[in-house]
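Colleague: sequence first, then the predicted structure, then my questions.
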Amino acid sequence: MTGISSYNSHPSLNASDHPSEEDLSARILAILRQSPIYSDIWAASLSAAADGCESLSAIAEALQLSGWQEKLRNSVTEQYKQLTNSNEGNSTKEPVQHIAKVANTWHKRILKSLNSMSSDLAVPLAKRRAKHEANELKNNWEELGANEPDLSRFRPVFAPKDILEVISSGLVSPNSVWGGTLSNPPSCWGLLQCQVATPSLESLRTRFPELRPSRRHLGADDVATDRVSVPETATAIRLESLGNAVLSRGNAAVAREFIKSGCPVGSRSRLWKLALGVDSDCELNRLRYDQLKQYVLQYELLIDNLIFKDIKLTATNDDELFVFEDCLYRTLLCFSRDIDVFRSISDWGSAPPLRSFAHYAPGRRSLVYPPSGVVPFHGFAMYLAPLAYLFDDDVVLYRVFFQLYCRYFSRLHYISSHPRGVLALSALFESLLQRREPKLFLHLREINVQPLKVAFKWLMKAFSGFLLVKELFLLWDRMIAYDSLELLPILAVGLFSSRRDSLLAVSSATAVDAVFADLTTVRVIPILQSTLFL
């Protein structure tokens, strides 16, 4: 496969930015008719008719009793959320011109890095594996870490600090005027120089009312314990019982509402699957995973080395996650080949996809590279690693990760003006910290420390690798329940508030880093509650 080049087309919706209810209904129906659930319900209807259901009402009742009503409701709700969220940013193409320019510049920088790596190391972007190589990989599929390639020559394409540098120095509103001239804002302000609308503290309180301290929560009201598998209090026992009732109902919207108070440990994996629309018994999911595995066996990508390198640098060095090394290799190698990832995130991407030309493609056909459209950065594996605690089935693990990445994590390392994007989350962090802790913010600026430089890696990695896994799950519970990433900057502000006294006593950037060197004592829910309501 030869070098990657830019591709200037952008995907676009066929409907207006604000479709009517009738249009949404028609589009949802059209999508469902092309989905597996349509054929499954049709087959179930024929089966009910064969069992003696002679009328449409009798068939409908049989489908309801067998659980298809809830499955259909979940599918309709999910498609509605996807269609409305895709219009949340007003356009699939970046609407803010100077942000689009910076995003494309960043995109070209990634292209150049990949091409340079391929050229300098004499490693093709992609090649077909020899038959004996494919057979060896297949035989060692469960123990990929035992035969890893030589990774000493490979370096991550980018890291959180690189994106932060781009959005802090490259993104300047061209019509911003300070003191009557076009210049940088006062030094006591935040790192971002691009004007981004952020919600007020009052609107955040309205957005997350269940986080009021008066509400009982797993993670706040239960007894602290080092174990993540044993419910300790009456609250946990009661929620465990309620969780089982929610699971028996099978309604995704009800599951998300329930998760707002936290997931009982014994039910978390099943509740997440229900809330994310992942069906463990779906044969199509297993067939798709097997297909992706075959792609891994057939083709070797340069990206594979970056995946191995990132797992080695991050997850295998984590005391809680190193045991899942082989599982992470399998999942991320399949993920890199999944064109469905690209299709899901390309609806809102502000930059064109990475494309290349494969020597084995007829007529040097242009291909997305990698097929998922995702170039792993330093720390990418940490989006996946904690999930291995919950799911021991590779197929289920993959589908849950697919959903979490496409819905949430993908927003954290792309540059766009989208209200769910990392730029908006960074702006919310700075504005909320200034409002909540003006004295602390000013002190940090006086010692030449930008708080966002400390917090950005937390935001971009969704706190994975920084918190204990049990606390991280409490955060991700609420992320899924509220369908929101805004809890990330809220927690980041809370961490600054909780260590206010220590921060006010330091006088250097090194000392600030030392204050936040260990976050393993952090309890997520009390910090979220105090940041929003106290």
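Modeller: In hand now; what should we look at?

Colleague: what's residue 386 in contact with, if anything?
Modeller: 321, 464, 469, 472, 473, 476 (C-beta atoms under 8 Å, 6 or more residues apart in numbering). For glycine as for every other residue, the C-beta is placed from the backbone atoms N, C-alpha and C.

Colleague: scan those and report the most crowded one.
Modeller: Per-residue neighbour counts (other C-beta atoms under 10 Å) across the contacts of residue 386 peak at residue 464, which has 25 neighbours.

Colleague: surely that residue forms part of a strand?
Modeller: No - going by DSSP: H, G, I helix; E, B strand; the rest coil, the assignment for residue 464 is coil, not a strand.

Colleague: now stretch 485-503: average pLDDT?
Modeller: Taken as a whole, stretch 485-503 carries a mean pLDDT of 98.

Colleague: output it in PDB, but only the C-alpha positions, please.
Modeller: In PDB, the C-alpha atoms belonging to stretch 485-503 read as follows (Å, rounded to 0.1, in the frame of the first residue of the first chain):
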ATOM      1  CA  LEU A 485     -19.600  13.800  28.300                       C
ATOM      2  CA  GLU A 486     -20.100  17.000  30.400                       C
ATOM      3  CA  LEU A 487     -19.400  15.100  33.600                       C
ATOM      4  CA  LEU A 488     -15.700  14.800  32.600                       C
ATOM      5  CA  PRO A 489     -15.000  18.500  32.900                       C
ATOM      6  CA  ILE A 490     -17.200  18.700  36.000                       C
ATOM      7  CA  LEU A 491     -15.200  16.000  37.700                       C
ATOM      8  CA  ALA A 492     -11.900  17.700  36.600                       C
ATOM      9  CA  VAL A 493     -13.100  21.000  38.200                       C
ATOM     10  CA  GLY A 494     -14.000  19.100  41.300                       C
ATOM     11  CA  LEU A 495     -10.500  17.600  41.600                       C
ATOM     12  CA  PHE A 496      -9.000  21.100  41.600                       C
ATOM     13  CA  SER A 497     -11.600  22.200  44.200                       C
ATOM     14  CA  SER A 498     -10.900  19.100  46.400                       C
ATOM     15  CA  ARG A 499      -7.100  19.900  46.400                       C
ATOM     16  CA  ARG A 500      -7.500  23.700  46.700                       C
ATOM     17  CA  ASP A 501      -5.500  24.100  49.800                       C
ATOM     18  CA  SER A 502      -2.500  22.100  48.500                       C
ATOM     19  CA  LEU A 503      -2.600  24.000  45.200                       C
END
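
Colleague: so which of the contacts of residue 386 is the closest to residue 218?
Modeller: The closest of these to residue 218 turns out to be residue 473 (C-beta to C-beta; 9.9 Å).

Colleague: taking the contacts of residue 386 together, which two end up most distant?
Modeller: Greatest spacing in the contacts of residue 386, by C-beta to C-beta: 321 and 476 (14.6 Å).

Colleague: what sits closest to residue 247 if chain neighbours are left out?
Modeller: In this structure, residue 247 finds its nearest non-sequential neighbour in residue 270, 5.5 Å apart by C-beta to C-beta, 6 or more residues apart in numbering.

Colleague: is it correct that the one you found is in contact with residue 248?
Modeller: No - in this structure, residue 270 is not within contact of residue 248 by C-beta atoms under 8 Å, at 10.5 Å.

Colleague: which parts of the stretch 101-250 of the chain are helices?
Modeller: All helices of the stretch 101-250 of the chain, identified by DSSP state H, counting those that start in this stretch, fall at 131-139, 160-165, 201-207, 234-249.

Colleague: for the stretch 151-300 of the chain, give me the ranges with low pLDDT.
Modeller: Residue ranges of the stretch 151-300 of the chain with pLDDT under 70: 175-188, 219, 221-236.

Colleague: now do residue 346, the pLDDT please.
Modeller: Confidence at residue 346, expressed as pLDDT, is 74.

Colleague: now residue 456: which helix or strand?
Modeller: helix 451-460 (DSSP states H and E).

Colleague: distance between that helix and the chain's centre?
Modeller: Centroid separation for helix 451-460 versus its chain: 16 Å, with C-alpha atoms, centre = their mean, to the nearest Å.

Colleague: elements contacting the following helix or strand past it?
Modeller: Sequence order places helix 469-482 as the next helix or strand after helix 451-460, per DSSP H and E. The contact analysis (3 or more C-beta pairs under 8 Å, 6 or more residues apart in numbering; DSSP states H and E) places helix 469-482 against helix 252-259, helix 268-276, helix 487-498, helix 524-533.

Colleague: save those helices as a markdown table, and put in distance to residue 144 and mean neighbour count too.
Modeller: Formatted as a markdown table, the helices and strands packed on helix 469-482 follow (distance: least, C-beta to C-beta, whole Å; neighbours: other C-beta atoms under 10 Å):
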| stretch | distance to residue 144 | mean neighbour count |
| --- | --- | --- |
| helix 252-259 | 33 | 21 |
| helix 268-276 | 24 | 22 |
| helix 487-498 | 31 | 24 |
| helix 524-533 | 33 | 21 |
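
Colleague: how about the ones you listed, which one is nearest residue 93?
Modeller: For these, the distance to residue 93 is smallest for helix 487-498, at 25.7 Å, taking C-beta to C-beta.

Colleague: now for the closest one, which elements pack on it?
Modeller: Contact here means 3+ C-beta pairs under 8 Å, 6+ apart; on that basis helix 487-498 packs against helix 422-436, helix 451-460, helix 469-482, helix 524-533.

Colleague: quick one: end-to-end length of stretch 493-505, please.
Modeller: 18 Å (C-alpha to C-alpha, to the nearest Å).

Colleague: so what touches that stretch?
Modeller: With C-beta under 8 Å, 6+ apart, stretch 493-505 has contacts from 429, 432-433, 436-437, 439-440, 443-444, 451, 455, 458, 512, 515-516, 519, 522, 527-528, 530-531.

Colleague: which residue is the nearest non-sequential neighbour of the most centrally placed residue in the chain?
Modeller: For the chain, the residue nearest the mean C-alpha position is residue 409 (1.6 Å; C-alpha atoms, centre = their mean). With C-beta to C-beta, 6+ apart as the criterion, residue 409 has its nearest non-adjacent residue at 4.7 Å, and that residue is residue 383.

Colleague: how many neighbours does the one you found have?
Modeller: Using other C-beta under 10 Å, residue 383 is surrounded by 23 other residues.
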